[in-house]
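Trainee: Task: produce atomic coordinates for the following.
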Amino acid sequence: MKSLLTVLLFTSFTFGLKAQTSLVKLVTSKGDITLMLYDQTPKHRDAFLRNIKKGVFNGAQFNRVIKAFVSQAGELDDPILEREKLHPEIPLVRIPAEINPLLFHKKGALGMGRNDNPEKSSYINQIYLVQGKKQTDAQLDAIEQKKGLKFSQVQREVYKSIGGTPHLDNDYTVFGEVIAGMDVAEAINNVATSSTDLPVETISFKAIILSAKDSRKILKKNRSVN
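Mentor: Coordinates of the predicted model:
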């Protein structure tokens, strides 16, 4: 656990993410997960924080869990799209894409879900945590060729050492990462699920915005560990 966290933090700090200002704790039925939100994706960061303040994620559930891929939480696609279909007079609410090549789908990444729209804009209330799996150079080469991407050496090392879902890069906005409680995130990703990827046991959570004081303490502690 400690070695994984060190790699995650090293990667973030390598990309100049030391001064992130917002930390969120997911208090789940499996334990706590602490998330660091990226200031480089302000629209997604602020939308997530607004929804937490509104109570959108009070009693929310991880409702689509795919082992070695992602654990998705919040509202599912079908209810969102059905509601929008029934009320075409209401303008669609999406978060404009903030895809940054330096913010990628490593294990522990926090992303925002979306439907298949050409702008790659995100839903406002659907998040996912990346689990993924370790990649080989050959697999990364194939993804580069298929998607027209170019993974940096650091990205390659991260994908090969701790894993992730590199085929999602450049298609979904990554706006944060797990900095504590990765063991809890792994436990959630390993629960038994139905044929529709719904966990057999209810995995509920509440999202809490940590105070600036608590955030500074946690970041300072993690840097000292790193």
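
Trainee: Just the mean pLDDT for the helix or strand harbouring Val154, thanks.
Mentor: Under DSSP states H and E, the secondary-structure element containing Val154 is helix 153-161. Per-region confidence: helix 153-161 scores 98 on mean pLDDT.

Trainee: and it, how far out from the chain's middle?
Mentor: On the basis of C-alpha atoms, centre = their mean, to the nearest Å, the separation between the geometric centre of helix 153-161 and that of its chain is 18 Å.

Trainee: Let me know the secondary structure of the residue nearest the centre of the chain.
Mentor: Ranked by distance to the mean C-alpha position of the chain (C-alpha atoms, centre = their mean), the top residue is Leu110 at 1.3 Å. Each residue gets one of three states, and Leu110 gets strand by DSSP: H, G, I helix; E, B strand; the rest coil.

Trainee: so what's it up against?
Mentor: The contact partners of Leu110, taken as C-beta atoms under 8 Å, 6 or more residues apart in numbering, are Leu35, Leu37, Ile127, Tyr128, Leu129, Val130, Val174, Phe175, Gly176, Glu177, Val178. Placement of C-beta: from N, CA and C, glycine included.

Trainee: all helices for this structure, in order.
Mentor: Read by DSSP state H, the chain holds these helices, from start to end of the chain: 2-14, 42-54, 77-86, 137-147, 153-161, 182-189, 212-225.

Trainee: Please identify the most buried of the ones you listed.
Mentor: Of all these, helix 182-189 carries the top mean neighbour count, a mean of 20, counting by mean count of other C-beta atoms under 10 Å.

Trainee: So which other helices or strands are in contact with the helix holding Val154?
Mentor: Contact analysis of helix 153-161 by 3 or more C-beta pairs under 8 Å, 6 or more residues apart in numbering; DSSP states H and E lists helix 2-14, helix 137-147 as its packing neighbours.

Trainee: Would you single out the least confident of these?
Mentor: Among the helices and strands packed on helix 153-161, helix 2-14 carries the lowest mean pLDDT, a mean of 44.

Trainee: show me where pLDDT drops low in the chain?
Mentor: Using pLDDT under 70 as the threshold, the predicted model of the chain has low-confidence ranges 1-19, 224-226.

Trainee: And the residue of it most remote from its centre, its phi and psi?
Mentor: Among residues of the chain, the one most distant from the C-alpha centroid is Glu89; the distance is 31.2 Å, by C-alpha atoms, centre = their mean. As for Glu89, its main-chain torsions (degrees, to the nearest 10) stand at phi -80, psi -20.

Trainee: How about Pro42: what's its closest non-neighbour residue?
Mentor: Nearest-residue entry for Pro42: Glu98, 7.6 Å, with adjacent residues in sequence omitted and distances by C-beta to C-beta, 6 or more residues apart in numbering.

Trainee: Next one: the residue farthest from the centre of the chain relative to Asn117, how far apart?
Mentor: 19 Å (C-beta to C-beta, to the nearest Å).

Trainee: for Val56, same thing?
Mentor: Applying C-beta to C-beta, one obtains 21 Å for the distance of Val56 from Asn117.

Trainee: quick one: which of these two has more around it?
Mentor: For Val56 versus Asn117, the count of surrounding residues by other C-beta atoms under 10 Å is larger for Val56: 16 against 11.

Trainee: Show the contacting residues for the nearest residue to the more buried one once chain neighbours are set aside.
Mentor: Leaving aside its chain neighbours, Val56 sits nearest to Asn125 (5.5 Å; criterion: C-beta to C-beta, 6+ apart). With C-beta under 8 Å, 6+ apart as the criterion, the residues that contact Asn125 are Asn51, Val56, Phe57, Gly74, Glu75.
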